[in-house]
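> Okay, structure incoming, though there's no sequence with it:
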């Protein structure tokens, strides 16, 4: 009876698509297993995205600290100059606010001496034979410049190639060519120059540098707050601490030079640090919130200890005492940076302003150790911001904890993909087994149908015989 029902259910060997039936049975077994693995892959990919989001937030925080880790970041003096056409002034971080009276009466200049005029740039000198130029700068010893190409152009090349503190140019006067030799700024750099036969004091007949220079060497002379000063150069960095003066020409009477502290840029950088921390903290909250609806990485790291680990490290960078503290400003809290009871970084702008006005040098030292461009691999004290940059750089490296976690997650995805391949292989084998079994069953059903048809014909023949 059961066999009859089975045959009937199979449609007498012709009403069933055994391939579709086998595939549906295999899919029913594969689908839940594949879904479980796919879910693991999706969750792990979300974790990798989460780790990338953490790194991005940390890199933004690092950038904010980098704007406070060099002493040059605190260069906040504005320079006021009533005669900018006569001189310029730049202030470094060590300069102090203040006002000065500056009167320039004379700028430094070099000696400039010209040779006699030659017909052409390649006019033969000394009969075409090599000769010496005898150069004496200030009180120094006489030095020889050997001219091997005995022409005006060759003389210029020899002088410039010797690099003895003078330079030469070949100028066209309109009636010929003259060699003009220029020394260095300052009276002490005046020089004498003459041409003689090689190895002797005999002058070269057709080469002559006049006894009277085109321009004599002189020092810069100026008065600063009433004090007379002299320098051999027009770039003066030792008259006012932290200030470099560039003298262009004499002033018209006394000029006023003001250095006023402008801390607005520094305040903006500290505010940017607060903003960067808030963005960092918000990113970590989204990553750790299982209910987050942020696409791609919302809740991706829920329950992951990495979040609290990173948060604690960053908070410590801000709350710790600087490795280069001052007597009053020793940490970020002394410039108004602190965490509220909800763990949010906040800035007391009034406290920051007071610290910048009353203890500016200590603020600079606390943040930057008074250094510039310190390497992230240096072990020297770097200040609070400098140390933060080093620590964040280490966290962001390929050898850091975040990249290690990301690499572990990527390895898991590879393992899950391998599981999918193995699952597919098993399902392929199962499909083949089903197909063989159903084919055999179809054969049996087909034979049964043939037997049924034969018996039916026999029975009908017998019935017809009885009727006759």
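Here it is on my side, so go on. Just so we're clear, the structure is a prediction, and the values are computed from it rather than from any experiment. Residues are numbered from 1 along each chain as shown.
> CA atoms for contacts and neighbours, from now on please.
Will do.
> Can you tell me the closest non-neighbouring residue to residue 88?
residue 246 (5.0 Å; CA to CA, 6 or more residues apart in numbering).
> For residue 73, see how far away that neighbour is.
23 Å (CA to CA, to the nearest Å).
> Could you list the residues in contact with the helix or strand hosting the residue nearest to residue 88?
Per DSSP states H and E, residue 246 falls inside strand 243-247. Here strand 243-247 makes contact (CA atoms under 8 Å, 6 or more residues apart in numbering) with 86-92, 95, 104, 107, 234-238.
> now with 7 Å?
86-92, 95, 107, 234-237 (CA atoms under 7 Å, 6 or more residues apart in numbering).
> again, but for stretch 335-349
274, 277-278, 351-352, 355.
> Kindly tell me how buried residue 299 is, as a neighbour count.
Residues lying near residue 299 (other CA atoms under 10 Å) number 24.
> That one should be in a helix, yeah?
No: Residue 299: not assigned to a helix; according to DSSP: H, G, I helix; E, B strand; the rest coil it is coil.
> And residue 238, how close does it get to residue 371?
20 Å.
> Of these two, give the one with the bigger neighbour count.
Under the neighbour definition other CA under 10 Å, residue 238 and residue 371 were set side by side, and residue 371 has more, 17 against 11.
> got the contact list for that one?
Residue 371 makes contact with 70-71 under the criterion CA under 7 Å, 6+ apart.
> do you know how far it is from residue 148?
50 Å.
> re earlier: helix or strand next in line after the strand holding residue 246, which one?
On the C-terminal side of strand 243-247, the closest following helix or strand by DSSP H and E is strand 255-261.
> got a list of contacts for that next one?
In contact with strand 255-261 (CA under 7 Å, 6+ apart) are residues 76-83, 97-103.
> just the buried members of those residues?
Among the contacts of strand 255-261, the ones that count as buried by 16 or more other CA atoms under 10 Å are 76-77, 79, 81, 83, 100, 102-103.
> Looking at the residues you listed, which are in helices?
In helices, judged by DSSP state H, none of the buried ones among the contacts of strand 255-261 are found.
> now these in JSON lines, with pLDDT and distance to residue 441?
Output for the buried ones among the contacts of strand 255-261, formatted as JSON lines (pLDDT from 0 to 100; distance: CA to CA, whole Å):
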{"residue": "76", "pLDDT": "79", "distance to residue 441": "92"}
{"residue": "77", "pLDDT": "85", "distance to residue 441": "96"}
{"residue": "79", "pLDDT": "93", "distance to residue 441": "100"}
{"residue": "81", "pLDDT": "96", "distance to residue 441": "105"}
{"residue": "83", "pLDDT": "97", "distance to residue 441": "108"}
{"residue": "100", "pLDDT": "97", "distance to residue 441": "110"}
{"residue": "102", "pLDDT": "97", "distance to residue 441": "112"}
{"residue": "103", "pLDDT": "98", "distance to residue 441": "115"}
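> Perfect, I'm done here.
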